[in-house]
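Novice: The amino acid sequence is not available; the structure is as follows:
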């Protein structure tokens, strides 16, 4: 029986600017590109085991800006 190394649930590598979301334990058997820079990793039985986002800082920049504005807005009663 092959030992399957557990994956981290969420991991960001700032040097390679890759954000990874582990969905399920398993070894990647194949992957496909969902959109430019967004890869879906599949396990032995074709199940999704992870999502990889390349150039993550660029992908998330608009969301971070929008969240920053929301956080800084005063709360109305």
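Specialist: Looks like it arrived, so ask away. Quick caveat: nothing in here was measured; it's all calculated off a predicted structure. Numbering: from 1, shown residues only.

Novice: Give the residue spans of the chain that score low on pLDDT.
Specialist: For the chain, residues meeting the criterion pLDDT under 70 lie at 1-8, 67-77.

Novice: Would you map the strands across it?
Specialist: 10-13, 18-22, 30-35, 38-42, 48-54 (DSSP state E).

Novice: any idea of the angle the longest one forms with strand 18-22?
Specialist: Think strand 48-54. 170 degrees (axes from the mean of the first three to the mean of the last three C-alpha atoms, to 10 degrees).

Novice: Can you list the strands that strand 48-54 pairs with?
Specialist: strand 18-22 (antiparallel), strand 38-42 (antiparallel) (DSSP bridges).

Novice: Name the residues of that strand that are buried.
Specialist: 49-53 (16 or more other C-beta atoms under 10 Å). C-beta here means a position set from N, CA and C on the backbone, and glycine is covered the same way.

Novice: And the contacts of it?
Specialist: 7, 17-28, 31, 37-43, 59 (C-beta atoms under 8 Å, 6 or more residues apart in numbering).

Novice: Quick one: buried ones out of those?
Specialist: Neighbour counting by 16+ other C-beta under 10 Å classes 7, 18-20, 22, 26, 38-43, 59 among these as buried.

Novice: right, and out of those, which lies closest to residue 66?
Specialist: Proximity of those to residue 66 (C-beta to C-beta) peaks at residue 59, which lies at 13.2 Å.

Novice: mind listing what that closest one touches?
Specialist: Neighbours of residue 59 in contact, by C-beta under 8 Å, 6+ apart: 19, 37-38, 53.
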